[in-house]
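Sequence and computational prediction follow.
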Amino acid sequence: MDPPYNTGNDSFNYNDRFNHSTWLTFMKNRLEIARELLRDDGVIFVQCDDNEQAYLKVLMDEIFGRENFVACFVWEKKGGRQNDAKFYSVNHEYILNYGKVKEYFKPNLMARTEEMLSMYKNPDNDPRGVWTSITLHAKDESSQGNYSITFDNGVTYQAPSGTHARLSYENMQKAYKENRLWFGESGKNTPRLKKFLSEIKDGVTHNTLLVQQEVGNTQKAKQEIKTLFSDRNDLFATPKPEALLQRILEISTNENDLVLDFFAGSGTTLAVAHKMKRRYIGIEQMDYIESITKERLKNVIDGEQGGVSKAVSWSGGGSLIYCELANLNAKFIDMIENSSDENELNQIYEKLIKFAFIDYRVDIQNDLKDLEFAALEFIEKKRILKKCLDRNMDYIPYADMEDSDYKIDERTKKLNDIFYKGSSDE
Ligand SMILES: C[S@@+](CC[C@H](N)C(=O)[O-])C[C@H]1O[C@@H](n2cnc3c(N)ncnc32)[C@H](O)[C@@H]1O
């Protein structure tokens, strides 16, 4: 998940001006639920920057347990250098990774790149296939001692002083007999140990440093969105590059696994999950879910070829269900926010009295009739009217779905039953 970072920067379309403790409470409530939702072998990745990294680490230690901390990845978010920066040109962010039960988590290995594979060759036509070689000595004290050995080909080997042989004397002889030592083209060089591609792990262990050449940077992320919505100027400000999400999903998931992102934004996680054939649930509070996030996913289904599409051989297909919470008080909040004069506000006030759920501590009819309220600035009146509403009733509760006043259609009821109960009554 990629929550608001609490940067104090208001240029985003959403409100990330939480103060520090409000932000921590906001995160705590959500992380506790996230933990509940995880499978025992499930993992969570949370992106942040230096505004909250240290505090988020402590909060996550508390919720997930210190023993379940797996790693703090560092993402190189931009290249170049910002020379007018006051102190340093900050070019990284963090991704904290926890397991629900760390010991159950087995990160997938990273497939070897072409460059890595090109190190494996077969100059002696070994029937075991391509190999690369490593030195026979190591600095590690736990290696197998320092001895001198003369092989049948006349070459004598002894680990250089201050180092130890990787193999015991017996294993060194065995390796020679099995043609696992390489004495160079001449057959007389200091021997090295052959490592066959066919005998090693299927991939390599992931690094915690995520470099922009491999996983993209913020500029790349913005380009990806721009390519998708070339006709729009009001684009999403803080997308992540698809390759970054590809890396995270490669590490932690397999086909058909379930991915949850409840700070969906422009939908990068969801788009990549879809292309990588993972199932997913995405949640977003802002209206751009309709114009950007949903549209992006429709493009993915149609087989768009941006982002990681080529890397994961994406050619389209699949489906998604898009739902909105049914508005109740949220509708009035919108009306109040969008009202532009006193007259409009008065009309909304009449509607509130009749239809809205008012906070039980407020006697709206009396409180708002007094002269003090009438004397307030327009902006203040808006603020107070919003405060009168019971925010627990922003949306229609599932339990009230059958209430005929809400006019919920049968199809929607059925969908809700499937969602909440796993089946509908029919
Ligand atoms: C940093 S952005 C996520 C960007 C995303 N990773 C992407 O690539 O586009 C954070 C998102 O979380 C959303 N958000 C913040 N609070 C939320 C909440 N309570 N419920 C749902 N979404 C929320 C914001 O509206 C914003 O779109």
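Nice, thanks for sending it over.

in the stretch 251-400 of the chain, which spans are helices?
268-275, 288, 294-301, 329-338, 342-355, 364-367, 371-374, 378-388 (DSSP state H, counting those that start in this stretch).

I'd like to know which of those helices is closest to the ligand.
Closest approach to the ligand among the helices of the stretch 251-400 of the chain (CB to the nearest ligand atom): helix 268-275, 3.3 Å. The way it works is simple: take the backbone N, C-alpha and C, and place the C-beta from them, glycine included.

close to the ligand, is that closest one?
Yes: counting by CB under 6 Å from any ligand atom, the ligand is contacted by helix 268-275 at residue 268.

Stretch 33-51 too?
No: judged by CB under 6 Å from any ligand atom, stretch 33-51 and the ligand are separated, with a smallest distance of 7.3 Å.

try stretch 279-287
Yes: using CB under 6 Å from any ligand atom, stretch 279-287 reaches the ligand at 283-286.

looking at the helices of the stretch 251-400 of the chain, which is buried most?
When the helices of the stretch 251-400 of the chain are scored by mean count of other CB atoms under 10 Å, the highest mean neighbour count falls to helix 268-275 (a mean of 27).

tilt between it and helix 294-301?
Per axes from the mean of the first three to the mean of the last three CA atoms, to 10 degrees, the angle that helix 268-275 makes with helix 294-301 is 20 degrees.

which secondary structure elements does helix 268-275 contact?
In terms of contacts (3 or more CB pairs under 8 Å, 6 or more residues apart in numbering; DSSP states H and E), helix 268-275 is packed against helix 242-252, strand 258-261, strand 279-282, helix 294-301.

if we go to 6 Å?
helix 242-252, strand 279-282, helix 294-301 (3 or more CB pairs under 6 Å, 6 or more residues apart in numbering; DSSP states H and E).

I'd like the mean pLDDT over the first one, please.
Right, helix 242-252. Here helix 242-252 scores 98 as its mean pLDDT.

Can you name the residues in contact with that helix?
43, 45, 107-108, 206, 215-216, 268-269, 272, 276, 307-308 (CB atoms under 6 Å, 6 or more residues apart in numbering).

Now do the helix or strand hosting residue 415, average pLDDT.
For residue 415, the host element (DSSP states H and E) is helix 410-421. Averaging pLDDT along helix 410-421 yields 91.

Same question for stretch 124-140.
Averaged across stretch 124-140, the pLDDT comes to 93.

got the end-to-end distance for it?
With CA to CA, to the nearest Å as the measure, stretch 124-140 spans 30 Å from end to end.

which parts of that stretch are buried?
130-133, 136-137 (16 or more other CB atoms under 10 Å).

and what of stretch 106-121?
By neighbour count on 16+ other CB under 10 Å, the buried set for stretch 106-121 is 110, 112, 120.

Also stretch 245-252?
So for stretch 245-252, counting by 16+ other CB under 10 Å, buried means 245-252.

And those, which is closest to the ligand?
Distance to the ligand across the buried residues of stretch 245-252 (CB to the nearest ligand atom) is lowest for residue 245, with 7.5 Å.

Ignoring the adjacent residues along the chain, who's closest to the closest one?
Once flanking residues are discounted, residue 245 sits nearest to residue 272: 4.1 Å by CB to CB, 6 or more residues apart in numbering.

Give me the number of neighbouring residues for residue 265.
Neighbour count of residue 265, defined by other CB atoms under 10 Å: 26.

and the gap between it and the ligand?
Going from residue 265 to the ligand by CB to the nearest ligand atom, to the nearest Å gives 3 Å.

Just the pLDDT for that residue.
Per-residue pLDDT puts residue 265 at 94.

which helix is the longest one in the protein?
helix 20-37 (DSSP state H).

Packing partners of that helix?
In this structure, helix 20-37 makes packing contacts with helix 53-64, judged by 3+ CB pairs under 6 Å, 6+ apart.

so what secondary structure elements neighbour whichever helix or strand comes after the helix it packs on?
Going down the chain from helix 53-64, the next helix or strand is strand 69-76, by DSSP H and E. If contacts are counted by 3+ CB pairs under 6 Å, 6+ apart, strand 69-76 sits against strand 92-99, strand 209-210.
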